[in-house]
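A.B. asks: coords please:
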Amino acid sequence: IQINVAIVTYCLVSIIAKDLKINRSTYEILQILSASLLDKTFINELLMKSDYNNINEHNTNQLVFNLF
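C.D. replies: Next up, the predicted model:
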């Protein structure tokens, strides 16, 4: 099941990157999406932001879980 989910995720990210004409690698797009899972930003706005070189500049309102 995990392999199938990974293949489907890779295909969907590749389709999104092609449709939005994004010049980033699939790995970079997956990192951006994983860092903003709980953020309610549209995907095209999230991927079109210009500066993702410094993670400290990425200002999101994500939910933080303090379980321990």
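A.B. asks: sec struct for Ile15, please.
C.D. replies: For Ile15, the reduced secondary structure class is helix; criterion used: DSSP: H, G, I helix; E, B strand; the rest coil.
A.B. asks: so how far is Asn66 from it?
C.D. replies: 36 Å (Cβ to Cβ, to the nearest Å). Quick note: C-beta positions are derived from backbone N, CA and C, even for glycine.
A.B. asks: show me which of those two is the more surrounded one.
C.D. replies: In terms of neighbours (other Cβ atoms under 10 Å), Ile15 is the more surrounded of Ile15 and Asn66; the figures are 10 against 4.
A.B. asks: what sits against the more buried one?
C.D. replies: Residues in contact with Ile15, defined by Cβ atoms under 8 Å, 6 or more residues apart in numbering, are absent; none qualify.
A.B. asks: begin at 31, not 1, for the rest of this chat.
C.D. replies: OK, 31 is where the count begins now, so the last one is Ile45.
A.B. asks: distance of it from Thr56?
C.D. replies: Note on Ile45: its distance to Thr56, by Cβ to Cβ, is 11 Å.
A.B. asks: any idea which helix or strand in this structure has the lowest mean pLDDT?
C.D. replies: Taking mean pLDDT, DSSP states H and E as the measure, helix 73-78 is the helix or strand of the chain with the lowest mean score, a mean of 78.
A.B. asks: now do that helix: distance to the chain's middle.
C.D. replies: Relative to its parent chain, helix 73-78 has a centroid offset of 9 Å by Cα atoms, centre = their mean, to the nearest Å.
A.B. asks: quick one: list the elements packing against it.
C.D. replies: Secondary-structure packing of helix 73-78 (3 or more Cβ pairs under 8 Å, 6 or more residues apart in numbering; DSSP states H and E): helix 32-50, helix 56-65.
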